[in-house]
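Student: take this sequence and fold it.
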Amino acid sequence: MKLSDQQLAQFDREGLLLLPDLFSLQEIEVMRARLPKLFAEDNPANIREKKSKEVRTAMGLHLRDEVFSKLVRHPRLLEPAMQILDPPLYVQQVKVNVKAAFCGEPWHWHYDFATHRYEDGVPKPLALNLHVFLDEVTEFNGPLYFIPGSHKAKTPSATLDTVSTSYPLWVVRPETVTSLAKNRGIVSATGRAGTGLIFGDVMLHASPSNISPFDRRIFSLIVNPVSNALTRHQRPDHNHHRDLSPITPIDDGCLLN
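Tutor: Below is the predicted model of the structure:
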């Protein structure tokens, strides 16, 4: 699957791109069916919410399950990534981020490169986040918020927050978010299950708590050029994988075979 020139221009301009119906509901059901078993595992790669202890993010899924092993090599994800980045690419991180109904806690304003730089020693903000909505994402169940065009602003400073939630996060100061949002606005990424979403490493984003009765689960694959790989190994492998083997697309029908 190739992105059009118009889509590439939109991604360059806004810093994010929504791809409705990227995966069929039949394919989404195959993915969703694997989650209960994975979430039930007593595994340090399953990070749980601070209060409810529901899964907040389940990581390293391509090493734990054959469906997600296929998904990280799916052409509908990798071919657009290879248009945007210079291959070869490696799998940097694989996870499902969860906002469980009534108890999903927020992700505060941040950009991913702060973590990749300060924790992992990644040289440049080239990594790309490739999402697939596993549930319908609405205004009510904790969608991602973005400040469009924030990837073109001066990269803001960030500080490590180890208190607010169960997942340590390099967050951006409220006054910085306010300044950027006043000039650029805020958008939410919503859509049906099967929607794809692409955004880059310095895109400012967040998501609110989920107090609705509807779960919100989003698959996330982060890919990075091998030439831009991590230089520090202080975090566990599930946070930033150390296998730099180049990934290539497999058959488009792999999830249903």
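
Student: quick one, helices of the stretch 101-250 of the chain?
Tutor: Ranges of helices in the stretch 101-250 of the chain, per DSSP state H, counting those that start in this stretch, are 112-118, 174-184.

Student: tell me the most buried of those?
Tutor: helix 112-118 (a mean of 21; mean count of other CB atoms under 10 Å). Glycine gets a C-beta too; all of them are placed from N, C-alpha and C.

Student: send me it as CSV with only the CA atoms.
Tutor: Below are the C-alpha coordinates for helix 112-118, written out as CSV (Å, rounded to 0.1, in the frame of the first residue of the first chain):
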residue,chain,number,x,y,z
ASP,A,112,8.2,10.4,21.9
PHE,A,113,11.7,11.6,21.0
ALA,A,114,12.3,12.9,24.5
THR,A,115,12.1,9.3,25.8
HIS,A,116,14.0,7.9,22.8
ARG,A,117,16.8,10.5,23.2
TYR,A,118,17.2,10.7,27.0
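
Student: what pLDDT, on average, does that helix get?
Tutor: Mean pLDDT, computed over helix 112-118, is 98.

Student: got a list of contacts for it?
Tutor: Helix 112-118 has contacts (CB atoms under 8 Å, 6 or more residues apart in numbering) with 92, 122, 125, 127, 129, 155, 158, 160, 169-170, 172, 201-203, 222, 224, 230, 240.

Student: so how far is that helix from its chain's centroid?
Tutor: 14 Å (CA atoms, centre = their mean, to the nearest Å).

Student: then stretch 239-250?
Tutor: Distance, centroid of stretch 239-250 to centroid of chain: 16 Å (CA atoms, centre = their mean).

Student: residues making contact with it?
Tutor: The contact list for stretch 239-250 (CB under 8 Å, 6+ apart) reads 59-60, 70, 72-75, 78-79, 87-94, 116, 119-120, 223, 226, 229-230, 233.

Student: so which of the helices of the stretch 101-250 of the chain is nearest residue 102?
Tutor: Among the helices of the stretch 101-250 of the chain, helix 174-184 comes nearest to residue 102, with 26.2 Å by CB to CB.

Student: ranges for the strands of the stretch 101-250 of the chain?
Tutor: 107-110, 128-133, 144-146, 159-161, 169-171, 187-189, 196-200, 205-207, 216-225 (DSSP state E, counting those that start in this stretch).

Student: quick one, what contacts residue 255?
Tutor: 23, 27, 30, 31, 67, 70, 71, 74.
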